[in-house]
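[1] pasted the sequence and its predicted model underneath.
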Amino acid sequence: MRKTLRMVLLALLPLMPVTLLAEGPTPDDQAVPVRGTVTDGRGPIPGANVLLKGTTIGTATDAVGSFAIQAASADDILVFSFIGYKTQEIRIGSQTSITVTLEADVATLSEVVVVGAVLKTSDLTGSVSSLSGDKLKDIPTASVTQAMTGRMTGVLIQNSPGVSGGASIKIRGNNSIQFGANPIFVVDGLIMDGGFNLINPSDIETINVLKDASATSIYGSRGANGVVLITTRKGKKGEGKVTYDGWYGIQNFSRTVPRMGAKDIFNLRADAYANAYMDANPGADRQGYVNSLLDPSNPLTPFAPYEFDTYLSGKSYNWLNEVTRSGAQQNHALSLSKATDQGSYFVSFNYTNNKGLMEIRTTTGSPVALTSNKM
């Protein structure tokens, strides 16, 4: 019996390696190295999250949007996510190199504010007011400060009626007696000391106003009066776009101050002389004195002959009508934009003409803006 069993084992011995090989790991169960790039259609996304679904294994993209990860099998699913973008899932399969394009999530964009670095609104230590470029399009004005007026909480804007179109901006009142009250303007990361009204509102993507500690924590003492962050439009990936935006408007006085005519001024002067006469002669006849003033033949009357002629004829002259008019405004903006894997560009041409309510005031401007980003 023992001899028979030994012979059976010896007969099965050559088959054992084959059996072990058949029960070994299959190619699908082997580790799969995966590399790739995460972009948003305009450029790479640094810091994007790459996670194996159902596990805690993950990585983040580097400065150029690249990543590398080891998957357990070809059936694993990679989950790509980043703040402000829609999460995307991709099955690995036979792919060893993956390029992922994340789409912006409009619903979550309000959770992020660009303040020199990307921060969540909940992480800011102060208050932030925001105004989108789409809302600016509904405001017929060629001035950034006029577009902001009355639309941002805690921001008081007093536009100058002068030709320069300047404005005084105060964020939550006066914060300094010696160094003024105007905030600083930061356009696409660059601090502007003036001339921000030269920016065409049609070129603006968003306006954010930082208040309190959120301004000083990033811009130091210069941000003590607040910071106005302006982000301009950029080219978007896809077919090139040509956009035209224009409007025309009429200006008139909504209300004018009541004015005195020639007859009113004549009577006012007569009353003034009568008051002075009665102060010196309390018991005198006031009406008799007034009648003597209105007598052209009286040599003591203070009025000149031409003043009597105007008074008796009822003529008058409206000086305000001679220096004012119905104003007209027009603004025309033409932009060209496009983005590819190599870079993006946004070019805009703007013409504005403001024929003011005063005869001497007419302003014209033709700024050109160029934004280019090379990947």
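    Perfect, I can see it now.

[2] list the contacts of residue 271.
    residue 290 (C-beta atoms under 8 Å, 6 or more residues apart in numbering). From N, CA and C alone the C-beta is placed, and that goes for glycine too.

[3] who is residue 191 paired with across the strands?
    Legend: beta-bridge partners of residue 191 under DSSP bridges are residue 186.

[4] would you mind measuring from it to residue 92?
    Distance of residue 191 to residue 92, given as C-beta to C-beta, to the nearest Å: 46 Å.

[5] who's more crowded, the two?
    Applying other C-beta atoms under 10 Å to residue 191 and residue 92 shows that residue 92 carries more neighbours, namely 19 against 12.

[6] would you agree that one is in contact with residue 33?
    No - if you go by C-beta atoms under 8 Å, residue 92 and residue 33 don't touch, sitting 10.1 Å apart.

[7] okay, and the common contacts of these two?
    Between them, residue 92 and residue 33 share these contacting residues under C-beta under 8 Å, 6+ apart: residue 71.

[8] mind showing which ranges of the stretch 51-200 of the chain have poor pLDDT?
    Within the stretch 51-200 of the chain, the ranges that satisfy pLDDT under 70 run 106-127, 159-167, 172-181, 193-196.

[9] so which residues of it form helices?
    Listed from the start of the chain, the stretch 51-200 of the chain has helices (DSSP state H, counting those that start in this stretch) covering 133-136, 144-148.

[10] can you lay out those as TSV showing mean neighbour count and distance to residue 104?
    Written out in TSV, the entries for the helices of the stretch 51-200 of the chain read as follows (neighbours: other C-beta atoms under 10 Å; distance: least, C-beta to C-beta, whole Å):
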stretch	mean neighbour count	distance to residue 104
helix 133-136	15	14
helix 144-148	22	24
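
[11] distance to residue 256 added to the ones you listed, as TSV?
    Output for those, formatted as TSV (distance: least, C-beta to C-beta, whole Å):
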stretch	distance to residue 256
helix 133-136	31
helix 144-148	22
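
[12] for residue 336, find the nearest of those.
    Closest approach to residue 336 among the helices of the stretch 51-200 of the chain (C-beta to C-beta): helix 133-136, 16.9 Å.

[13] how far away from the center of its chain is the closest one?
    For helix 133-136, the separation from the chain centroid amounts to 8 Å (computed by C-alpha atoms, centre = their mean, to the nearest Å).

[14] same question, stretch 275-284
    Its chain's average C-alpha position is 66 Å from that of stretch 275-284, according to C-alpha atoms, centre = their mean.

[15] just the buried residues of it, please?
    By neighbour count, and taking 16 or more other C-beta atoms under 10 Å as the criterion, the buried residues in stretch 275-284 are residue 277.

[16] now do it: distance from first to last residue.
    One end of stretch 275-284 sits 11 Å from the other (C-alpha to C-alpha, to the nearest Å).

[17] what is the rounded mean pLDDT of it?
    What stretch 275-284 shows for mean pLDDT is 88.

[18] for that stretch, which outside residues touch it?
    Applying C-beta under 8 Å, 6+ apart, the contact partners of stretch 275-284 are 286, 289.

[19] how about stretch 306-319?
    Outside stretch 306-319, the residues within contact range by C-beta under 8 Å, 6+ apart are 259, 261-263, 266, 296, 303.

[20] so of those, which ones are in strands?
    Counting by DSSP state E, the contacts of stretch 306-319 place none of their members in strands.

[21] switch those over to CSV; also include pLDDT, distance to residue 185 and neighbour count.
    Formatted as CSV, the contacts of stretch 306-319 follow (pLDDT from 0 to 100; distance: C-beta to C-beta, whole Å; neighbours: other C-beta atoms under 10 Å):
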residue, pLDDT, distance to residue 185, neighbour count
259, 83, 40, 11
261, 85, 47, 14
262, 85, 50, 15
263, 86, 53, 15
266, 88, 53, 19
296, 84, 65, 13
303, 87, 58, 18
